[in-house]
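Student: here's a sequence, model it:
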Amino acid sequence: QVQLVESGGGLVQAGDSLTLSCAASGRTFSATMGWFRQFSGKEREFVAAIEWSGQSTRYADSVKGRFTISKDNAKNTVNLQMNSLRPEDTAVYYCAAGGPKYGFQYRAWFPTDFGSWGQGTQVTVSS
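Tutor: The predicted structure is shown next:
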């Protein structure tokens with residue numbers, strides 16, 4: 001069983017930076033891990049993914065160039081560094097584990113691709 005615990009959310013102003021962290025336990029680091037976000041009243045959407053070795057990453061177009069996903073296998077953590085935050089980034093952010101390894105570089109990522117989820121952390125960006 002995989003347990004994921006997110007931390008680092010909060011209230012910031014537009015243009016600020018924030019780092020989310022996901023602490024993982026269990027058999028997860030051999031699979032793809034990712035971050036999703038959910039706007040109020042909307043479906044959960046893909047933000048970023050990192051393959052098991054940490055060498056390859058993927059991003060949603062809306063965050064490309066502003067967000068960076070990274071992992072520390074020694075500490076069993078996956079981080080999401082968010083820079084130049086915008087009010088439209090306001091959402092609950094979720095860490096996900098257990099994603100497939102195949103097609104990492106070209107596939108579209110959906111919540112159903114991942115088997116384990118954290119409880120979510122709120123990020124609010126004021127204008």
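Student: quick one: the most centrally placed residue in the chain from Ser127, how far?
Tutor: Nearest to the mean C-alpha position of the chain, by CA atoms, centre = their mean, lies Trp35 at 1.8 Å. Distance, Trp35 to Ser127, using CB to CB, to the nearest Å: 23 Å. Backbone N, C-alpha and C define where each C-beta goes, glycine included.
Student: same question for Ser70.
Tutor: According to CB to CB, Ser70 stands 28 Å off from Ser127.
Student: right, and Ala60 touches Ala48 too?
Tutor: Yes - in this structure, Ala60 is within contact of Ala48 by CB atoms under 8 Å, at 7.0 Å.
Student: more crowded one of those two?
Tutor: Applying other CB atoms under 10 Å to Ala60 and Ala48 shows that Ala48 carries more neighbours, namely 24 against 16.
Student: and the closest residue to Pro111 other than its chain neighbours, how many neighbours?
Tutor: Distance criterion CB to CB, 6 or more residues apart in numbering; nearest residue to Pro111, sequence neighbours excluded, is Arg44 at 4.8 Å. By the criterion of other CB under 10 Å, Arg44 has 19 neighbours.
Student: after the helix or strand the residue nearest to the centre of the chain falls within, next one along is what?
Tutor: Assigned by DSSP states H and E, Trp35 belongs to strand 32-38. Sequence order places strand 44-50 as the next helix or strand after strand 32-38, per DSSP H and E.
Student: state the mean pLDDT of that following strand.
Tutor: Mean pLDDT, strand 44-50: 97.
Student: keeping just the C-alphas, turn it into CSV.
Tutor: Output of strand 44-50 as CSV, limited to C-alpha atoms (Å, rounded to 0.1, in the frame of the first residue of the first chain):
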residue,chain,number,x,y,z
ARG,A,44,-8.9,17.1,-11.6
GLU,A,45,-6.3,18.1,-14.2
PHE,A,46,-2.7,17.1,-14.9
VAL,A,47,0.1,19.4,-13.8
ALA,A,48,3.4,17.5,-14.0
ALA,A,49,4.8,14.0,-14.0
ILE,A,50,8.2,12.5,-13.4
